[in-house]
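Student: Sequence plus the predicted model coming up.
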Amino acid sequence: MLKQTLLEATRAGASQLVHYFNRDFKISNKEGVNNLVTEADHAAEKAIIAVIQNTYPDHFILSEETGEIKSNSEYKWIIDPIDGTVNFANGIPICCVSIAVEKNGEMILGAVYAPILNEFYVAEKGMGAFLNDKKITVSNKTEVIRSCLVTGFPYTYLDSPRGPLQVFEELIRQGIPVRRLGSAAIDLCWVAAGRFDGFYEHQLQAWDSAAGFLMVKEAGGEVTDFAGEKFSPYQPQILATNGKIHNELLGYVK
């Protein structure tokens, strides 16, 4: 029932994403530059929460736009109604709905649906990760120099020591391809699917990484913070790889 509700909620959010995609809609700006929220974000979030609360009215919810709907439940739903909002607002199809379910502090389910790309990713703890119902695994690259990486740039902290620009410059000066897609959830899913060999980012929120991090783990990859410690979505830094290049890439981002 829990997994079925997750899938239903993800589809409900995605239906709103599709409805508004490439149409006129209201856009506002949250704190900071290009920190957008759209009419579609609110519609998708409303649809997602309605599905969850219809079945589990007592569950804790953490969602990007609404914030926390607190309860004493052992279950927490972590929701990004549209990840890649700037892409979405500009008609770029690299955008998705991302939802994770946490039980007693442990991530047990995750779903990421990019409906314009027709890619629906699902992960369940101990059961693997899947793309459109087909099992996926991370890549087999063993050296960073031969890897294809992906990252994201925050709108602040760009010039901090060992910050995103410095790490990016160091990698690309060696000829290592580093992409920037604009959706952390999709970045993580593409690591899980073996398209990218590694992903790092300096400044994420829980709703950006919760589902995708489980996807990478269940696809056989490794996820830590920048100190190489156990990853928690409630701290900002993430390094997710196929596992084989993890320690080497950790040396770049530390």
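Tutor: Sure thing, it's come through.

Student: buried set for the one helix or strand residue 68 maps to?
Tutor: Element membership of residue 68 [criterion: DSSP states H and E] is strand 67-69. When burial is assessed from 16 or more other CB atoms under 10 Å, strand 67-69 yields no buried residues. Using the backbone N, CA and C atoms, a C-beta is placed for each residue, glycine as well.

Student: what comes into contact with that strand?
Tutor: Residues outside strand 67-69 that contact it (CB atoms under 8 Å, 6 or more residues apart in numbering) are 49, 60, 61, 62, 63.

Student: what's the spacing between the fourth one and residue 52?
Tutor: Read it as residue 62. For residue 62, the distance to residue 52 (CB to CB, to the nearest Å) stands at 12 Å.

Student: Need the overlap of contacts for those two.
Tutor: Among the neighbours of residue 62, those also in contact with residue 52 (CB under 8 Å, 6+ apart) are residue 77.

Student: Quickly list what the nearest residue to residue 213 once chain neighbours are set aside is bridged to.
Tutor: Using CB to CB, 6 or more residues apart in numbering and skipping residues adjacent in sequence, the residue nearest residue 213 is residue 223, 5.0 Å away. On the basis of DSSP bridges, residue 223 is bridged to residue 240.

Student: what about residue 223, how many neighbours?
Tutor: Residues lying near residue 223 (other CB atoms under 10 Å) number 24.

Student: before we move on, the earlier item: among the contacts of strand 67-69, which are in strands?
Tutor: Cross-referencing the contacts of strand 67-69 against strands under DSSP state E gives 60, 61, 62, 63.

Student: Save those residues as TSV, and put in pLDDT and neighbour count too.
Tutor: Converted to TSV, the ones in strands among the contacts of strand 67-69 look like this (pLDDT from 0 to 100; neighbours: other CB atoms under 10 Å):
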residue	pLDDT	neighbour count
60	97	17
61	97	22
62	97	22
63	94	22
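
Student: And those residues, which two are furthest apart?
Tutor: Largest separation among the ones in strands among the contacts of strand 67-69 by CB to CB: 60 and 63, giving 10.7 Å.
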